[in-house]
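S.K.: got a sequence here, can you model it:
(one chain, ligands or ions: 1)
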Amino acid sequence: METKDGCDPLLDLPNHIGGEEVFATGGDWIINNAPSTGEMISRIPRSNQNDVDNAVKCAKEAGPGWASLTKEERAGWLDKIADILEQRIDEIASLESLDTGKPIRIARAVDAERSVANFRFYAKQIRELEDEEFRMKNATNRVLRRPVGVGALITPWNLPLYLLSWKVAPAIGMGNTVVCKPSELTPMTADLMMKVIKDAGLPDGVVNLIHGTGVEAGGPLVSHPDVQFVSFTGGTTTGSIVAKDAATSFKKMSLELGGKNATIILDDCDLDRHMEAIVRASFLNQGQVCLCGSRILVHDSIYESFKQKFVDAVERLQIGDPRNPETDLGSLISPQHLEKVKSYVHLAIEEGGTILTGGGVPSISSEFEGGNWISPTVVDGLSPESRCAMEEIFGPMVTLHPFTTDEEAIQISNGTRYGLAGSIWTNDSTRGEKIAKKMDTGMVWINTWLHRDLRVPFGGVKDSGIGREGGKWSLGFYSEATNICIMDD
Ligand code: NDP
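M.R.: Residues are numbered from 1 along each chain as shown. Sure thing, here's the model as predicted:
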């Protein structure tokens with residue numbers, strides 16, 4: 001169904017600027033395909049500098065009114081958004097599964113529920129936030145938290161609403177106004193969030209959203225002179241471009257970037273107890289989670305038995321129809337990403353590795369022939385210095401490496417440019433903690449993975465990013481601390 005201005009109301013998603021649904025001023029579109037089938041599911045505006053200017057202008061105009069609310073009032077808005085999102089939780093799960101190719105079970109348990117939780121969590125955090133006071137002998141210091149201004153929130157395609165809500169909630173909760181730029185590959189739940197925000201009755205212009213490519217819409221947004229802070233989650237290469245663009249005008253920056261995380265299996269690990277969790281840490285969301293353990297370091301005394309049990313468990317994963325609640329693994333996000341992962345499978349063979357399982361197209365129903373499918377892949381026999389073991393693949397492919405001493409495991413773990421996360425599996429948590437303290441990462445889990453308490457710091461070191469999100473770390477980033485020192489009378 002096409003209207004006279006060339007739009008199809010059933011397919012076309014708008015930008016959301018100043019409370020209005022508008023299309024790109026240039027009139028151009030980007031087609032969005034379902035990753036599991038390759039079929040077109042929507043079109044999004046191909047926004048450009050003009051659209052960015054309009055969105056930033058609206059955010060700037062809404063700023064003073066929004067900043068003048070009390071924190072209790074803003075927390076109330078976050079709760080209201082959470083309530084309406086929760087009423088639409090099944091729709092969020094279906095849209096996220098359709099748009100990303102991930103299984104509906106994961107979309108519901110991870111993406112949909114966490115998006116609601118993010119708004120609720122920050123409502124509570126902001127309500128409980130107190131100004132700090134430091135008493136001197138003859139004066140009192142009061143530290144206030146003031147809004148930073150207009151923010152650019154840029155998010156990737158792997159956990160679309162989960163990561164967008166993780167930024168929007170604390171940013172507006174602290175009194176800022178924002179312009180969001182979701183990945184062009186996964187626009188559906190960002191659109192839903194904006195409709196929820198409209199239904200909640202949030203003042204126009206507090207949250208704006210433009211669709212489009214990173215270069216045409218994301219770049220101008222980051223560089224915009226009226227944007228005071230940038231919160232970016234995405235790849236390290238893009239992060240470096242964003243950092244340069246933001247640095248020239250001294251914007252506040254938070255960068256959550258790529259990872260090449262190690263999963264360390266110690267000789268005292270109870271393999272039968274932990275195998276399911278280790279497989280999940282390797283392949284959740286088809287390995288497209290920044291925290292996934294893509295290098296598995298195994299003590300050489302249990303290497304062979306681990307290898308056999310791990311491969312058996314991976315081969316039991318059910319790949320296929322993302323709508324089926326029994327499905328464990330869906331499709332990859334795009335044909336380009338599938339090609340990238342396949343190129344690493346070829347590289348693994350060139351580098352002398354052995355493919356223990358996977359590497360090819362899984363047998364799935366003909367309905368999914370146009371999708372981006374690859375079986376979960378386990379590679380043995382590669383050096384920890386091989387490219388496959390050093391570069392972020394961000395797909396369902398892991399490499400296995402033996403080690404002899406705890407020191408060697410730490411050395412291999414720290415041997416990449418990345419430093420996001422890691423996990424250690426052992427019956428001796430004291431030994432695990434000793435190793436964790438020597439790992440150059442922002443986060444380490446012992447005998448668990450992706451076990452998230454939203455109050456704790458989240459983020460990486462080295463090329464995995466700058467800054468921390470989560471709890472008070474987010475509240476700190478999304479505010480400016482101002483000290484007022486009052487001399488005693
Ligand atoms: P990209 O870096 O390709 O893109 C991330 C976002 O940045 C997208 O919205 C993209 O838009 C936009 N973008 C691209 N170029 C620019 C630019 N020049 N200026 C401003 N914005 C731009 O990452 P992916 O979407 O491919 O996501 C996968 C990556 O994200 C992996 O490396 C993964 O490790 C990382 N990630 C990190 C997490 C963390 O917390 N550390 C969590 C989740 C993922 P568009 O896509 O439309 O081009």
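
S.K.: now Tyr122: which helix or strand?
M.R.: Assigned by DSSP states H and E, Tyr122 falls within helix 113-128.

S.K.: for that helix, what is the average pLDDT?
M.R.: If you average the pLDDT over helix 113-128, you get 98.

S.K.: gap between it and the chain center?
M.R.: Computed by Cα atoms, centre = their mean, to the nearest Å, the chain-centroid distance of helix 113-128 equals 17 Å.

S.K.: how about stretch 23-41?
M.R.: The answer for stretch 23-41 is 22 Å, by Cα atoms, centre = their mean.

S.K.: endpoint to endpoint, it covers what distance?
M.R.: Using Cα to Cα, to the nearest Å, one end of stretch 23-41 lies 17 Å from the other.

S.K.: can you name the residue of this structure nearest to the ligand?
M.R.: Residue nearest to the ligand within the chain (Cβ to the nearest ligand atom): Gly214, separated by 2.0 Å. C-beta coordinates here come from the backbone N, C-alpha and C atoms, glycine included.

S.K.: can you report how many residues neighbour that residue?
M.R.: 19 (other Cβ atoms under 10 Å).

S.K.: quick check: closest non-adjacent residue to it.
M.R.: Thr238 (6.4 Å; Cβ to Cβ, 6 or more residues apart in numbering).

S.K.: coming back round to it: buried set for the helix holding Tyr122?
M.R.: 113-123, 125-126 (16 or more other Cβ atoms under 10 Å).

S.K.: ditto for stretch 136-152
M.R.: Of the residues in stretch 136-152, 145, 147-152 count as buried by neighbour count, 16+ other Cβ under 10 Å.

S.K.: what does stretch 352-369 give?
M.R.: Going by neighbour count (16+ other Cβ under 10 Å), the buried part of stretch 352-369 is 353, 355-359, 362, 368.

S.K.: ditto for stretch 26-35
M.R.: 29-30, 32-35.

S.K.: same deal with stretch 62-76?
M.R.: 62-63, 66-67, 71, 74-75.

S.K.: and what of stretch 432-448?
M.R.: Per 16+ other Cβ under 10 Å, stretch 432-448 contains these buried residues: 432, 435-436, 439-447.

S.K.: right, is the lengthiest helix in the chain up against the ligand?
M.R.: The longest helix of the chain (DSSP state H) is helix 49-67. No - judged by Cβ under 6 Å from any ligand atom, helix 49-67 and the ligand are separated, with a smallest distance of 10.6 Å.

S.K.: now do that helix: which elements does it pack against?
M.R.: strand 15-17, strand 150-154, strand 177-181, strand 207-209, helix 219-223 (3 or more Cβ pairs under 8 Å, 6 or more residues apart in numbering; DSSP states H and E).

S.K.: run me through the strand neighbours of the helix or strand that the first one is followed by, direction for each.
M.R.: Using DSSP H and E, the next helix or strand after strand 15-17 towards the C-terminus is strand 20-22. Looking at strand 20-22 with DSSP bridges, its paired strands and their directions are strand 15-17 (antiparallel).

S.K.: how about the helices and strands packed on helix 49-67 in JSON lines, adding mean pLDDT?
M.R.: Output for the helices and strands packed on helix 49-67, formatted as JSON lines (pLDDT from 0 to 100):
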{"stretch": "strand 15-17", "mean pLDDT": "98"}
{"stretch": "strand 150-154", "mean pLDDT": "99"}
{"stretch": "strand 177-181", "mean pLDDT": "99"}
{"stretch": "strand 207-209", "mean pLDDT": "99"}
{"stretch": "helix 219-223", "mean pLDDT": "98"}
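
S.K.: now these in a markdown table, with distance to Arg105?
M.R.: Formatted as a markdown table, the helices and strands packed on helix 49-67 follow (distance: least, Cβ to Cβ, whole Å):
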| stretch | distance to Arg105 |
| --- | --- |
| strand 15-17 | 30 |
| strand 150-154 | 28 |
| strand 177-181 | 27 |
| strand 207-209 | 28 |
| helix 219-223 | 34 |
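
S.K.: need those in JSON lines with distance to the ligand, can you?
M.R.: As requested, these are exported to JSON lines (distance: least, Cβ to the nearest ligand atom, whole Å):
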{"stretch": "strand 15-17", "distance to the ligand": "14"}
{"stretch": "strand 150-154", "distance to the ligand": "5"}
{"stretch": "strand 177-181", "distance to the ligand": "6"}
{"stretch": "strand 207-209", "distance to the ligand": "12"}
{"stretch": "helix 219-223", "distance to the ligand": "4"}
